[in-house]
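**Q** Need a 3D model of the following:
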Amino acid sequence: MELDDVVAELEIRRALYTYCRGVDRGDAALIAAAYHDDADENHGSFKGTGREFAEYLVPLMDSAPDSSNHNITNVLINRKGNRAHVESYFIVFHALDDGDRAFVTGRYLDRFEQRVSEWKIAERRVVIDADTPATGMLELGDYPRGRRRENDLSHEWMQ
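**A** Residues are numbered from 1 along each chain as shown. All right, here's what the predicted structure looks like:
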C-alpha cells in the first residue's frame, strides 16, 4: 500500500464519520460536507443530492425526542485512481417520533471521488440487512435488502 492509498483511506473514513456525526447531531451542513455538491443519494424512498438529503433528513430526525446513534464498523475500500468504491457496514439505533427506538443494520455502498484534492461521496446507495419492527417515522420498505453473493447490490459495486 502506497502513502497516497493510506491518505485516501483516512480521508474517506473521515467523510463517513462526518456524515454520521451530522445525522446524529442534526447538523445539515455537516451531513452535506461528506458529499460532493452533485452527489447522487439513494436512501430508501429518497432520491436526490447529498445536500437535498441533509435538508430533508434533519427535520425528519428532529421529530424524535431523542438522538439517534449511527456507528460505522467494517469499511472496505477499492480505490482506483481518484475514484473508490466503498462498502461500509453500519449499526444504527434510531430514535423514533413515538419515543421508541429501532435497531437497524446495513451497508452504505458509496462511490467516492477525489476532486480538488478532497475525497467525498459522489454516489450512495443504502442496503438494509436487518432491523427490528419499527413504528413512527422510520419506513424501511423502500430500501433494497441485503442478499448473498451475486444477489446483493455490493457484488458488482465492489468489482
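**Q** Any idea what R115 is bridged to?
**A** Beta-bridge partners recorded for R115 (DSSP bridges): E118.
**Q** Against M1, how distant is Y143?
**A** In this view, Y143 and M1 are 33 Å apart by C-beta to C-beta, to the nearest Å. For every residue, glycine as well, the C-beta is placed using N, CA and C.
**Q** Also P65?
**A** In this view, P65 and M1 are 45 Å apart by C-beta to C-beta.
**Q** tell me the centre residue of this structure?
**A** Nearest to the mean C-alpha position of the chain, counting by C-alpha atoms, centre = their mean, stands Y108 at 4.6 Å.
**Q** who has more neighbours, Y143 and M1?
**A** Y143 (19 against 7; other C-beta atoms under 10 Å).
**Q** Pretty sure the more buried one sits against A130.
**A** No. The pair Y143 / A130 is not scored as a contact, 11.6 Å apart, by C-beta atoms under 8 Å.
**Q** shared neighbours, the two?
**A** Residues within reach of Y143 and of A130 at once, by C-beta atoms under 8 Å, 6 or more residues apart in numbering, are G106.
**Q** pLDDT averaged over stretch 3-10 - what is it?
**A** Stretch 3-10 shows a mean pLDDT of 95.
**Q** Put the alpha carbons of it into PDB.
**A** This file holds the C-alpha atoms of stretch 3-10, laid out as PDB (Å, rounded to 0.1, in the frame of the first residue of the first chain):
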ATOM      1  CA  LEU A   3       1.200   6.600   1.000                       C
ATOM      2  CA  ASP A   4      -1.500   8.100  -1.200                       C
ATOM      3  CA  ASP A   5      -3.600   5.000  -0.600                       C
ATOM      4  CA  VAL A   6      -3.300   5.500   3.200                       C
ATOM      5  CA  VAL A   7      -4.200   9.200   2.900                       C
ATOM      6  CA  ALA A   8      -7.200   8.400   0.600                       C
ATOM      7  CA  GLU A   9      -8.400   5.800   3.100                       C
ATOM      8  CA  LEU A  10      -8.100   8.100   6.100                       C
END
